[in-house]
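1. 3D, please:
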Amino acid sequence: LVLLGAVVPERLMALLELAVAVMVVGLGVRALLQAKAEARGGPVSTHQHGALTHTHEAATAHVHVSHWALATRPLLVGVAHGLAGSGALTALVLVEQPTTAARLVYLGVFGLGSVVGMGLLTGVLGAAAARVVTNRQVAAGVLGLAGLASLVVGCWWAASAVGQL
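-> Here you go, the predicted structure:
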């Protein structure tokens, strides 16, 4: 968009916002289902190896890149947010930059700052949560509250996006 000097139509931005709202609601439902599973003893995976069907503790969803583990869900959530909410704010600032080069530099710095800032915040909150939720029931309660909050925010966000259509 920066290189083409194009602007995203308002209706498309509202649709992207609605898509993010649906994603947030979906994440809330997923968190509530995980909280229910956690309260019962943790998430499980049932699958088959030929004729043998068995169940065991489920692994978390991540991909290994060299010696780093990359969680796929947070990455996809971040990409979706980049397409919607924060994209509109970035676009407002970008139009004030005098040249295409300045816009690209701003976009790079903004993107890097967003990734580093969200990574640090997630790390700090994750470390704190890991210490607090050593009990399965407490973990399930925290996850349930997060899921409920996600549902409320997602529904509010969806109503706001529909109002812009």
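2. contacting residues for the closest residue in space to residue 151 that isn't next to it in sequence?
-> Using C-beta to C-beta, 6 or more residues apart in numbering and skipping the chain neighbours, the partner closest in space to residue 151 is residue 28 (3.7 Å). In short, each C-beta sits where N, CA and C put it, glycine included. By C-beta atoms under 8 Å, 6 or more residues apart in numbering, the contact list for residue 28 reads 146-154.
3. can we see that at 7 Å?
-> 147-148, 150-151, 154 (C-beta atoms under 7 Å, 6 or more residues apart in numbering).
4. Just the pLDDT for residue 5.
-> With respect to pLDDT, residue 5 scores 70.
5. Also residue 128?
-> 82.
6. secondary structure element for it?
-> For residue 128, the host element (DSSP states H and E) is helix 100-132.
7. Kindly report the same for residue 73.
-> Per DSSP H and E, residue 73 falls inside helix 72-83.
8. Residue 48 now?
-> Judged by DSSP H and E, residue 48 forms part of strand 44-49.
9. quick revisit: buried ones in the helix or strand hosting the residue nearest to residue 151, by neighbour count?
-> According to DSSP H and E, residue 28 maps onto helix 10-39. Within helix 10-39, the residues that count as buried by 16 or more other C-beta atoms under 10 Å are 13-14, 16-18, 20-21, 23-25, 27-28, 31-32, 34-35, 38.
10. Which members of the contacts of residue 28 are classed as buried?
-> Here, 16+ other C-beta under 10 Å leaves 147, 150-151, 154 buried among these.
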